[in-house]
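coordinates only, no sequence provided:
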């Protein structure tokens, strides 16, 4: 593995911790329960044209909860750890 890939893998391992995974699981569970109880109510069957109609809403809700926890200082810390690579000529 190249040095840049190793560096990025180390940074990602700091972000994808068991604590963060638990947060995502807990929030996803809460969001789904809310959708079952408040959005769909007592409907016996839900018809969806495309699964993205539901999964996008769930993903954005979970990301927004995770985004609240990441402070600007934390973001800057991780941003500064990323290797500075010249991508464009």
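In hand now; what should we look at? On a predicted model such as this, the values are computed, not experimentally measured, just so you know. Numbering: from 1, shown residues only.

tell me where this protein has helices.
In the chain, the helices defined using DSSP state H lie at 3-15, 18-34, 52-69, 72-81.

could you give the mean pLDDT of the second one?
Averaged across helix 18-34, pLDDT comes to 85.

neighbours of residue 54, how many?
Applying other Cβ atoms under 10 Å, we find 14 other residues in the vicinity of residue 54. Using the backbone N, CA and C atoms, a C-beta is placed for each residue, glycine as well.

per-residue confidence for the residue lying closest to it once chain neighbours are set aside?
Once flanking residues are discounted, residue 54 sits nearest to residue 48: 5.9 Å by Cβ to Cβ, 6 or more residues apart in numbering. At residue 48, the pLDDT value in this model is 86.

residue 48 reaches residue 56, doesn't it?
No. Here residue 48 does not reach residue 56: they are 11.4 Å apart, not a contact under Cβ atoms under 8 Å.

what's the neighbour count on the residue nearest to residue 54?
9.

quick check: residue 48 vs residue 10, distance?
When distance is defined by Cβ to Cβ, to the nearest Å, residue 48 is 40 Å away from residue 10.

next, residue 50: phi, psi?
phi -150, psi 140 (degrees, to the nearest 10).

residue 6 versus that one, what's the distance?
39 Å.

and the two? which has more neighbours close in?
Using other Cβ under 10 Å as the criterion, residue 50 and residue 6 rank with residue 6 on top: 11 against 8.

and that one, what pLDDT?
72.

how about the one 4 residues further on?
On the pLDDT scale, residue 10 is placed at 72.

how many neighbours does it have?
Residue 10, neighbours per other Cβ under 10 Å, totals 10.

dump the residue contacts of it.
Going by Cβ atoms under 8 Å, 6 or more residues apart in numbering, residue 10 touches no other residue.
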